[in-house]
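[1] Output the structure for:
(2 chains)
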Amino acid sequence: MFGRGLRTLSIASVALLTGAFALVFLYAPNDADQGFVQKIFYLHVPLAIVALGGFIAGGVFAVQYLRTGDRSHDLRSYVAIHLSLILGLGALATGSIWAKASWGVWWEWDEPTLVSFLIVFLLFACYQPLRFSIDDPERQARYAAVFAIIGGAFVPLNFLAVRLASSLIHPRVLSTTGGSMPGEMRLTFFVCLLAMVCLFVTLWKYELASKHASMRLRSLKRSLAGDDAAGPLARTAAPTQI
Amino acid sequence: MAGAAPAADAPATAAAPARPGVGFMGAVGALVRKDLRLELRTRESVPAMFLFSLSTFVLFRFGLDRKTLEGDLASGVLWVTLLFAAVLGMNRLFVAEREEGGFDAFLLAPVDRTSLFVAKAAVLFGFLVAVEIAAIPAFAVLLLGPSPFQALPGLLVILLLADIGIAVIGTLVGAMAIQTRARDLVVPLISLPLILPVVIAAGNATAPLFAEAGAGALPTRWLGVLGLYDLVFGLLALAVFDFLLED
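    I've put the predicted structure just below:
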């Protein structure tokens, strides 16, 4: 059900990632101010953008779940948010390293982009505790969907509010003012972004396929050897059936 | 007028009650009256929220080691305090429905489910207003350096817009958390990040009003953010609230 196209996707993401890193280290010029350290940009920014996109995608799948009642959309939403949290952690860590190297501090409160990303991250970090504290699987899926929709809408609104609040030292990458990157850098950046999107989709599909396979295995065990064979299900935040 | 309208869609039978069915606003009104009466009799939420605000002001006085506050510090202390007090209200908002079977009774009633959301948001809004009527004079007396009277008209506008946002989010989060096992944990965990934009906008809008040199102009940009927040989450909450009740 979820495994289709996995091989192609995996090959594509490996190729894109290799190509992207080759471009980063061999093709893109060193930054005039920051030198080699600026290369972390090609990892940090795609991580952050893909994580935010993943949160919004989680919201979109949640809308589809509420509309159709199809539990596979709940699984899609859950895995998208779960993966985005991991990428978001990566974005915060790489951002912190970059900030230390180029601004001299690990964290900068005057920076709207950092602060809004942190707020969004903190909000979605509550997604799993919320799921975990609801026993009934049907209700868990429904409430998680409501949360994901609110969170998805919260992402752009929060960025607007925080951005209005303060000055700008964080460069805008995808905006009218941030377009001043030289051509080589821009090309490298977009390849990196594409590679990260591809990696996200691949991991997402792997996780979906794996979760689905263990659900099927469990239900097969139960139908072949009776209800006792599969053992009781441990409490979990993840969807346990489709 | 109210007597004539429902006859068309509800065919009268012998078993039908003599009283006509209630409309949307009728249901909202009944639910609001029920909650206000409950609060007047038990006095569970508003006094607790107010006392909590007072203790928080005292905490800030010693935590910051300042006898008077002005400008952005005063605005920040006020908004953080009000927000924490609001979280207490959110925690209590649906307790009666859950423990006394109010949800089941409501689901049995032939009314639009959204009316519960509107009623609860109105009740939470009312609680917040009641707390603020008591807590803001207390804040002005205890901590605020500059005179509060100049700031009052602007502050009322900001409070109105921010309270709507807090009430909407609080109702949604309260309804979500009431069905979980860790209700007291889930409410602050989810509501604090969600309400942060309100605090940012309201805090920034209030700061010039509390300036030491006298109240500055009301920053309309922040009012716009608050208005947008209320609008987006108000509509969104109306759309998704039904799913929190369906059982």
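[2] residue closest to the middle of chain A?
    In chain A, the C-alpha nearest the mean C-alpha coordinate belongs to residue A:84, at 2.1 Å (CA atoms, centre = their mean).
[3] Settle this for me: that one is touching residue A:51, isn't it.
    Yes. Using CB atoms under 8 Å, residue A:84 is in contact with residue A:51, at 4.5 Å. For the C-beta atoms, the positions are set from N, CA and C on the backbone; glycine is no exception.
[4] for stretch A:91-106, what is the average pLDDT?
    Across stretch A:91-106, pLDDT averages out at 88.
[5] in it, what counts as buried?
    Using 16 or more other CB atoms under 10 Å in any protein chain shown as the test for burial, stretch A:91-106 gives A:91-92, A:94-96, A:98-99, A:102.
[6] For chain B, state which of those residues is nearest.
    residue A:92 (14.7 Å; CB to the nearest CB).
[7] What is the burial count for the nearest residue to residue B:154 once chain neighbours are set aside?
    If the residues on either side of it in the chain are set aside, residue B:154 comes closest to residue B:218, at 4.1 Å by CB to CB, 6 or more residues apart in numbering or on different chains. Other residues near residue B:218 number 17, with proximity taken as other CB atoms under 10 Å in any protein chain shown.
[8] quick one, what contacts the residue nearest to the spatial centre of chain B?
    Closest to where the C-alpha atoms of chain B average out (CA atoms, centre = their mean) is residue B:167, at 2.9 Å. When contacts are counted by CB atoms under 8 Å, 6 or more residues apart in numbering or on different chains, residue B:167 touches B:121-122, B:124-125, B:128.
[9] can you check residue A:105 too?
    Residue A:105 touches residue A:99, counting by CB under 8 Å, 6+ apart.
[10] So it, which state does it fall into?
    Here residue A:105 is coil, with the state taken from DSSP: H, G, I helix; E, B strand; the rest coil.
[11] for it, phi and psi?
    Dihedral pair for residue A:105: phi -130, psi 150, per degrees, to the nearest 10.
[12] gap between it and residue A:241?
    Distance of residue A:105 to residue A:241, given as CB to CB, to the nearest Å: 47 Å.
[13] Repeat that for residue B:182.
    Taken as CB to CB, the span from residue B:182 to residue A:241 is 23 Å.
[14] just checking, residue B:173 touches residue B:189?
    No. Between residue B:173 and residue B:189 there is no contact, the gap being 9.2 Å when judged by CB under 8 Å.
[15] Between these two, which has more neighbouring residues?
    Set residue B:173 next to residue B:189 and count neighbours by other CB under 10 Å: residue B:173 wins out with 27 against 19.
[16] how about the more buried one, what does it touch?
    B:90, B:186-187, B:190-191, B:194.
[17] can you pull the pLDDT of it?
    pLDDT, residue B:173: 93.
[18] ok, and the closest non-adjacent residue to it?
    What sits nearest to residue B:173 in space, not counting adjacent residues and going by CB to CB, 6+ apart, is residue B:191, at 4.4 Å.
[19] And residue A:56, by the same measure?
    residue A:152 (4.8 Å).
[20] Just say helix, strand or coil for that neighbour.
    Classified using three-state DSSP, residue A:152 is helix.
[21] burial count for it?
    23.
[22] wait, what's in contact with it?
    A:55-56, A:58-60, A:62.
[23] For the longest helix seen in chain B, which helices and strands make contact with it?
    Scanning chain B for the longest helix, with DSSP state H as the assignment, gives helix B:114-142. Contact partners of helix B:114-142 among helices and strands, from 3 or more CB pairs under 8 Å, 6 or more residues apart in numbering or on different chains; DSSP states H and E: helix B:24-42, helix B:46-63, helix B:71-93, helix B:152-177, helix B:220-240.
[24] nearest to residue B:203, of the ones you listed?
    In terms of CB to CB, the element of these nearest to residue B:203 is helix B:71-93, at 4.7 Å.
[25] name the helices or strands packed onto that closest one?
    Judged by 3+ CB pairs under 8 Å, 6+ apart, the packing partners of helix B:71-93 are helix B:46-63, helix B:114-142, helix B:152-177, helix B:183-206.
[26] Those helices: which one's closest to residue A:126?
    Among the helices and strands packed on helix B:71-93, helix B:183-206 comes nearest to residue A:126, with 4.6 Å by CB to CB.
[27] Now do the closest one against helix B:220-240, angle only.
    Angle, helix B:183-206 to helix B:220-240, by axes from the mean of the first three to the mean of the last three CA atoms, to 10 degrees: 150 degrees.
[28] Of the contacts of residue B:167, which is the nearest to chain A?
    Among the contacts of residue B:167, residue B:121 lies closest to chain A (CB to the nearest CB), at 14.5 Å.
[29] Is the closest one in contact with residue B:169, as I believe?
    No. With contact defined as CB under 8 Å, residue B:121 does not count as touching residue B:169 (9.3 Å).
[30] joint contacts of these two?
    Residues touching both residue B:121 and residue B:169 by CB under 8 Å, 6+ apart: residue B:237.
[31] Would you mind listing what in chain A touches chain B?
    Residues of chain A lying close to chain B by CB under 8 Å from any CB of the partner chain are A:66, A:119-120, A:122-123, A:126, A:129-130, A:133-135, A:139, A:142-143, A:145-147, A:149-150, A:153-154, A:157-158, A:160-162, A:164-165.
[32] Out of the residues you listed, which end up buried?
    Among the residues of chain A next to chain B, those buried by neighbour count (16+ other CB under 10 Å) are A:66, A:119-120, A:122-123, A:126, A:130, A:133-134, A:139, A:142-143, A:145-147, A:149-150, A:153-154, A:157-158, A:160-162, A:164-165.
[33] In helices only, show me these.
    Short answer: these in helices (DSSP H) are A:66, A:119-120, A:122-123, A:130, A:139, A:142-143, A:145-147, A:149-150, A:153-154, A:157-158, A:160-162, A:164-165.
[34] what's residue 78 in contact with, if anything?
    Unless you meant another one, I'm taking chain A. Residues in contact with residue A:78 (CB under 8 Å, 6+ apart) are A:58, A:131, A:144, A:237-239.
[35] try again with chain B
    Neighbour list for residue B:78: B:136, B:139, B:206 [criterion: CB under 8 Å, 6+ apart].
[36] Same question for residue A:182.
    Residues near residue A:182 by CB under 8 Å, 6+ apart: residue A:29.
[37] Roughly how far does the residue nearest to the centre of chain A sit from residue A:48?
    10 Å.
[38] Pull up the residues of chain B that are close to chain A.
    Near chain A, when you scan chain B using CB under 8 Å from any CB, you find B:172, B:176, B:179-182, B:185-186, B:189-190, B:193-194, B:196-197, B:200-201, B:204, B:221-222, B:225, B:228-229, B:232-233, B:236-237, B:240, B:243-244, B:246-247.
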